[in-house]
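J.: What would the 3D arrangement of this be:
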Amino acid sequence: SADEDSSVLDGDADTDNTSNGYGNVFSRKNRYDMYLRPSGVSQEALQAMLGRDSPLGELFHDLVPSQGGGVFHEFSSLISDPGSDRQPLHPDAPYAEHAPLWTIFCALQDVEIDMGPTVFLLGSHSAETHDALIHNDTSSMTGPDANYRRSVLRKGDAAVMDARTLHYGGANAKQRRVLLYFTIRNPLHGSCAEDFPKCGSLWPDLEARRMTNLDYY
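T.: Numbers count the residues shown, from 1 in each chain. Predicted coordinates:
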């Protein structure tokens, strides 16, 4: 229904477990979103990914203002065990003129097709595609011209996603799949937490700290 599709666009999910360090996630059976802290190997990973002269570090240095940087909206991990179902096609943010968030997924092991990799619908960050999803008109998303890409990453590879992009996690039929991920707020979209989708997977003290990409550059 339209109401159900609106909840997808609002970033709703199965269950609210945010108070205990587990984030909301679609198709929760055998699938988990577990918050991380920027310490130990997690901090080393952020430094390696966002440091000066790294591809991601330079990308986000160019994308966001050099003063202030892009604030972290999430820092977490996605875990998919065998038996997890395919998620519904969804965005992580409603349509907006600018990408509200960018999400970076980093594979912690080689991801094979039968491990249920994330699948992206290219070009779906448009107002037209979001409107079609709200009205349950999925013909353009399932027809022969639909351009999907499976995120079959090698260990250490990263994929960067505009949060408006429609995507889903696939069904896992093989072994545990773990991704480290974080999202960065686009200052062109807003300047405070209320401007962005709710329920970001981030410990409250880290929200108050306002981590940015520049902390690791």
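J.: lowest-pLDDT helix or strand in the protein?
T.: Across the helices and strands of the chain, mean pLDDT, DSSP states H and E gives its lowest value to helix 2-9, namely a mean of 39.
J.: which residues touch the longest helix along the chain?
T.: Using DSSP state H to define each element, the chain has its longest helix at helix 40-50. Here helix 40-50 makes contact (Cβ atoms under 8 Å, 6 or more residues apart in numbering) with 36, 38, 54, 56-57, 60, 75, 104, 106, 158, 180, 182, 213, 216-217. In short, each C-beta sits where N, CA and C put it, glycine included.
J.: what's the helix or strand for the residue sitting furthest away from the middle of the chain?
T.: In the chain, the greatest distance from the average C-alpha position (Cα atoms, centre = their mean) is reached by residue 144, at 26.1 Å. Using DSSP states H and E, residue 144 sits in no helix or strand.
J.: Then residue 132?
T.: Assigned by DSSP H and E, residue 132 falls in helix 127-134.
J.: Could you do residue 181 as well?
T.: In this structure, residue 181 is located in strand 177-185 according to DSSP H and E.
J.: now do residue 191
T.: Going by DSSP H and E, residue 191 is not in any helix or strand.
J.: which ones are touching it?
T.: Not one residue lies near residue 191 by Cβ under 8 Å, 6+ apart.
J.: go with 10 Å
T.: Going by Cβ atoms under 10 Å, 6 or more residues apart in numbering, residue 191 touches 68, 71, 185.
J.: So among these, which ones count as buried?
T.: Burial by neighbour count, 16 or more other Cβ atoms under 10 Å: within the contacts of residue 191 this picks out 71, 185.
J.: JSON lines for the contacts of residue 191, including pLDDT and distance to residue 97?
T.: Below are these laid out as JSON lines (pLDDT from 0 to 100; distance: Cβ to Cβ, whole Å):
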{"residue": "68", "pLDDT": "86", "distance to residue 97": "20"}
{"residue": "71", "pLDDT": "96", "distance to residue 97": "19"}
{"residue": "185", "pLDDT": "96", "distance to residue 97": "15"}
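J.: from the contacts of residue 191, which is closest to residue 121?
T.: Relative to residue 121, the closest of the contacts of residue 191 is residue 185; by Cβ to Cβ it sits at 22.9 Å.
J.: Might one say that that closest one is in contact with residue 65?
T.: No - if you go by Cβ atoms under 10 Å, residue 185 and residue 65 don't touch, sitting 11.8 Å apart.
J.: Packing partners of the helix holding residue 132?
T.: Helices and strands touching helix 127-134, by 3 or more Cβ pairs under 10 Å, 6 or more residues apart in numbering; DSSP states H and E, are helix 2-9, helix 139-142.
J.: Report the secondary structure element holding residue 77.
T.: strand 72-80.
J.: For the chain, which residues score under the pLDDT cut-off?
T.: Counting by pLDDT under 70, the chain has low-confidence residues at 1-19.
J.: Give me the three-state assignment for residue 56.
T.: Following DSSP: H, G, I helix; E, B strand; the rest coil, we place residue 56 in the helix state.
J.: Could you number the chain from 664 rather than 1 from now on?
T.: Got it, the first residue is 664 from now on, which makes the last one we talked about residue 719.
J.: tally of neighbours for it?
T.: Residue 719 has 19 neighbours, counted by other Cβ atoms under 10 Å.
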